[in-house]
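Asker: Based on what follows, work out the 3D shape:
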Amino acid sequence: MTRHGNILNGLIWCCLILFLSSCARINLYSIDMKYVPTKTVTQPQERGERIDVTVANFVDSRQIEDLVVIGRVVQSDGSSILVFPKKVKPAEVVTGGIRAFLSKSGYTVSGNIPVWDLEEKSIQKDWGKLLIGGRIDELEVSCKEITPKKMYQARVKLTVFFANPRDGKIFYKVSTNSSSSLEHILFSEERLEEQINGALSEAIEKVFEGKELQRKIRDTLERVSP
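Answerer: Next comes the predicted model:
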């Protein structure tokens, strides 16, 4: 076979491989979920004051069959492909997000991440001066193909509990929710990622908005000091 013939055969094989790859069905999508600050985090504490806080692992209470699934991509023919977090489970992502927010806010976050069922009777006194836990009520991202556009949507709802481990009492509870949406002509995992991370980050930040929570935390800490 001539040199030109070998080159031609090589090109044919490359084209065939590319064609077969493009036809291969995608079984799942995987995205990197994480807390990404949407605004400058303020530190409500007095300068030099550090509040010790323990964050319990969040409870995933979503009413779905597989708690690892965080959404789906719905294609034009009605078929769907599931979306999963790339590195850790959704509950760990939310717990890590709360911890990251608190660290940026000037809190001293304990390395201990206990399992808490959100019941007062389960609180242990060695869980520091301030305990934060909660549950995931909703956490979902989707993309629907509506020719010629792709419709991205994400929503997150969290319920967060604040407790005093010294007396074993929950002193504050708050529910927050957030959503985001995007229309685009192209699909990408990166856009799925941006939507869910934006909704998650906003929901986390909403938990700590307002002066009432800060007042309750301050009052609780004054009762357990030193």
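
Asker: Please count neighbours and contacts with C-alpha atoms only from this point.
Answerer: Fine.

Asker: which regions of this structure sit below the pLDDT cut-off?
Answerer: By pLDDT under 70, the low-scoring segments of the chain are 1-25, 41-50, 224-226.

Asker: cutoff 90 now
Answerer: Segments of the chain classed as low confidence (criterion: pLDDT under 90) are 1-27, 38-52, 75-78, 87, 105-107, 128-129, 146-148, 210-226.

Asker: just so I have it, where are all the helices in it?
Answerer: 3-23, 90-104, 189-207, 211-224 (DSSP state H).

Asker: Quick check: beta-bridge partners of the residue nearest to Gln75 when sequence neighbours are not counted?
Answerer: On the basis of Cα to Cα, 6 or more residues apart in numbering, the spatially nearest residue to Gln75 that is not a chain neighbour turns out to be Glu145, at 5.2 Å. The residues listed as beta-bridge partners of Glu145 by DSSP bridges are Lys150.

Asker: Help me confirm that Glu145 comes into contact with Ser79.
Answerer: No. Counting by Cα atoms under 8 Å, Glu145 sits too far from Ser79 to count as a contact (10.4 Å).

Asker: out of these two, which sits in the busier spot?
Answerer: Glu145 (19 against 9; other Cα atoms under 10 Å).

Asker: how many neighbours does Ser181 have?
Answerer: Burial measure for Ser181: 18 neighbouring residues, criterion other Cα under 10 Å.

Asker: so what's it up against?
Answerer: If you count contacts by Cα atoms under 8 Å, 6 or more residues apart in numbering, Ser181 has them with Met151, Tyr152, Gln153, Ala154, Gln195.

Asker: Nearest residue to the third one in space, please, no chain neighbours.
Answerer: Among residues not flanking Gln153 along the chain, Ser181 sits closest, at 4.3 Å (Cα to Cα, 6+ apart).
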